[in-house]
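Engineer: Below is the structure, and that's it, no one-letter string:
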DNA sequence: TTCTACAGCGTAACACTCACGCAGTACCAT
DNA sequence: ATGGTACTGCGTGAGTGTTACGCTGTAGAA
């Protein structure tokens, strides 16, 4: 009997994670009934992540929360990193129906929706689902993004480029915000203190001779306390919206050129 | 003697990592001569990262490579994550003199330079130095970016937004590329195989009914094997350049409006 | 004398291998 | 149809190797 597990062409293999993610893993026909499901495991992992971040999602903790032995999880998931990837993709879920009449409004609406996912589950932004850009939820968001951009008239490759650029930025923005939030929390600073601390450090460390432009930020709207208190999400969200607008300006210019 | 280490205002503290990074840590006046320097430790950590990625940079391995005990490193660096942050910032280094006559060329040149740093030290892209946006090398790149954008005529806040957007994208692009490269390597696929595997998986998993636009990518230039072989850096770099151009188109449009 | 750097020992947590016992199901002989 | 049996997949406990990091004693420089 030939070894059926090792096909000749490595390019025709599909990793087990992807099969699991798409629900394409073959169901068992014999043996005892499984006590768990992948869905239930992910649910638990997501809950752990929500309250303690990526590092709180360990095999032992997840298993304990489910009331099973640590090793049982390996029946459903090949490794911890696979578990995290599946959890992150599950969190991404399906994109909402984009709001707005123009492609621009709809694209912006999708970007804001993805951002809000990463604000509700900040740990997920640290797991690049796009590494395996074929995880089902990511593909759904890709499809939605390409659809929203359809009436720009740009060709499919260009639309894909825009979509990838925006999704990459949204994820990265979430990642940075989360890292920063954790850093502040580790120092025991609340958002207001954090903003003051940042200004103080900038003032202390960054010399006017070598970094005149960075220092000039001290006097700008960016760092001046405005109506929307810094550190809270109001100001950050406005910044985010403006950055997305910048990209969409570029798309618009390109679409106008044909 | 009052506790001098705990000032009343938490916003006036500067974390030790930052002081170390800026070379502002006070030198010891007594005691035995230090066997190591932070610079030498970082050099070693960077070498380890270059050949084995982030996870290869452990305290024990770094110490062993230096011929000292593991715990000795904690005299110079507060924690592993501090070590990684310092190493990543060291790798970023100083930006080169940007090439080009227009702000556009110079900004693009800087973006490509940062990308090349992250290609030479891919692990560094996984450590968000921008978390603590006051690490010295990042500040240098920020200053360079703001300078390059000066003659757009945009105000400082807008220029800062553009700079942050571009730097964030560059880092994230490097991060994703590295994660992908590692994933392929773990499967034992070379770049050519990886491209074929990707197409095969896309074809297998992504149904035409639910994802017509994503599937349409199969027939596009993006996935068709062109003169520059996919998986190698040629095609990726061209994609990167086009994405940056997209953003700069947006900046141009905004600059023209005033 | 006083301060500081160094390193060995020890701890707790982690991911993951291996081997085992056991529970159901599918199939076959009757 | 029915009873027995072979087999497969399930859960898990023990064990391995690695990790970051705390504590403590020692040696050396000012």
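Structural biologist: Done, it's in. None of these values were measured; they are calculated from a predicted model.
Engineer: backbone phi and psi for the spatially closest residue to residue A:21 that is not a sequence neighbour, please?
Structural biologist: Spatial nearest neighbour of residue A:21, excluding adjacent residues (CB to CB, 6 or more residues apart in numbering or on different chains): residue A:135 at 5.1 Å. Placement of C-beta: from N, CA and C, glycine included. With angles defined as degrees, to the nearest 10, residue A:135 sits at phi -70, psi 140.
Engineer: Pull the contacting residues for residue A:135.
Structural biologist: A:18, A:21, A:85, A:86, A:89, A:129 (CB atoms under 8 Å, 6 or more residues apart in numbering or on different chains).
Engineer: residue in the stretch 101-250 of chain A nearest to DNA strand D?
Structural biologist: Per CB to the nearest atom of the strand, residue A:186 is where the stretch 101-250 of chain A lies closest to DNA strand D, at 11.0 Å.
Engineer: what number of residues lie near residue A:163?
Structural biologist: 23 (other CB atoms under 10 Å in any protein chain shown).
Engineer: for chain A, longest helix please?
Structural biologist: In chain A, taking DSSP state H as the definition, the longest helix is helix A:156-187.
Engineer: Who are the packing partners of that one?
Structural biologist: Under the contact criterion of 3 or more CB pairs under 8 Å, 6 or more residues apart in numbering or on different chains; DSSP states H and E, helix A:156-187 touches helix A:103-120, helix A:136-148, helix A:191-205, helix A:233-257, helix B:156-187, helix B:233-257.
Engineer: Check which helix or strand residue A:95 maps to.
Structural biologist: Remark: residue A:95 resides in no helix or strand, with elements defined by DSSP states H and E.
Engineer: who touches the nearest residue to it once chain neighbours are set aside in this structure?
Structural biologist: In this structure, residue A:95 finds its nearest non-sequential neighbour in residue A:144, 4.1 Å apart by CB to CB, 6+ apart. In this structure, residue A:144 makes contact with A:95, A:98, A:110, judged by CB under 8 Å, 6+ apart.
Engineer: gap between the first one and residue A:157?
Structural biologist: When distance is defined by CB to CB, to the nearest Å, residue A:95 is 21 Å away from residue A:157.
Engineer: The two: which is more packed in?
Structural biologist: Neighbour tally, residue A:95 and residue A:157, criterion other CB under 10 Å: the higher count belongs to residue A:95, 20 against 16.
Engineer: I'd say that one and residue A:112 touch.
Structural biologist: No - judged on CB atoms under 8 Å, residue A:95 makes no contact with residue A:112 at a distance of 11.2 Å.
Engineer: Spell out which parts of the stretch 51-200 of chain A neighbour chain B.
Structural biologist: With CB under 8 Å from any CB of the partner chain as the criterion, the stretch 51-200 of chain A meets chain B at residues A:128, A:130-132, A:134, A:136, A:139-140, A:142-143, A:146-147, A:150, A:155-157, A:160-162, A:164-165, A:168-169, A:171-173, A:175-176, A:179-180, A:183, A:187-189, A:193-194, A:196-198, A:200.
Engineer: in the stretch 151-258 of chain A, what spans have low per-residue confidence?
Structural biologist: For the stretch 151-258 of chain A, residues meeting the criterion pLDDT under 70 lie at A:224-232.
Engineer: Tell me which residue of it lies closest to DNA strand C.
Structural biologist: At 16.9 Å from DNA strand C, residue A:182 is the closest residue in the stretch 151-258 of chain A, using CB to the nearest atom of the strand.
Engineer: For the residue lying closest to that residue once chain neighbours are set aside, which residues are in contact?
Structural biologist: Closest residue in space to residue A:182, ignoring its immediate chain neighbours: residue A:53 at 6.8 Å, by CB to CB, 6+ apart. Neighbour list for residue A:53: A:122, A:123, A:178, A:182 [criterion: CB under 8 Å, 6+ apart].
Engineer: Farthest-apart pair in these, please.
Structural biologist: Maximum pairwise distance among those (CB to CB): 9.8 Å, between A:123 and A:182.
Engineer: Between the two, point out the one with more neighbours.
Structural biologist: More neighbours surround residue A:123 than the other of residue A:123 and residue A:182, with 27 against 17 (other CB under 10 Å).
Engineer: mind listing what that one touches?
Structural biologist: Counted by CB under 8 Å, 6+ apart, residue A:123 has contacts A:49, A:50, A:53, A:54, A:57, A:178.
Engineer: Which of the residues you listed are buried, as a ChimeraX select command?
Structural biologist: Those of the contacts of residue A:123 that count as buried under 16 or more other CB atoms under 10 Å in any protein chain shown are selected in ChimeraX with:
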select /A:49,50,53,54,57,178
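Engineer: Which one of the contacts of residue A:123 is nearest to residue A:27?
Structural biologist: residue A:57 (26.2 Å).
Engineer: Show the contacting residues for that closest one.
Structural biologist: Counting by CB under 8 Å, 6+ apart, residue A:57 makes contact with A:45, A:48, A:49, A:80, A:83, A:84, A:87, A:123.
Engineer: cool, residue A:154 as well?
Structural biologist: Neighbour list for residue A:154: A:162, A:251, A:254, A:255 [criterion: CB under 8 Å, 6+ apart].
Engineer: and if you look at residue A:118?
Structural biologist: Shown in contact with residue A:118 (CB under 8 Å, 6+ apart): A:124, A:125, A:170, A:171, A:173, A:174, A:175, A:178.
Engineer: Isn't the third one up against residue A:114?
Structural biologist: In other words, residue A:170. Yes - Residue A:170 lies in contact with residue A:114 (CB under 8 Å); the separation is 4.9 Å.
Engineer: Close to DNA strand C: what parts of the stretch 51-200 of chain A are there?
Structural biologist: The stretch 51-200 of chain A comes close to DNA strand C at residues A:58, A:59, A:60, A:61, A:70, A:71, A:74, A:79, A:80, A:81, as judged by CB under 7 Å from any atom of the strand.
Engineer: For those, give me CSV that also has pLDDT.
Structural biologist: As requested, these are exported to CSV (pLDDT from 0 to 100):
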residue, pLDDT
A:58, 94
A:59, 94
A:60, 93
A:61, 93
A:70, 93
A:71, 91
A:74, 94
A:79, 94
A:80, 94
A:81, 93
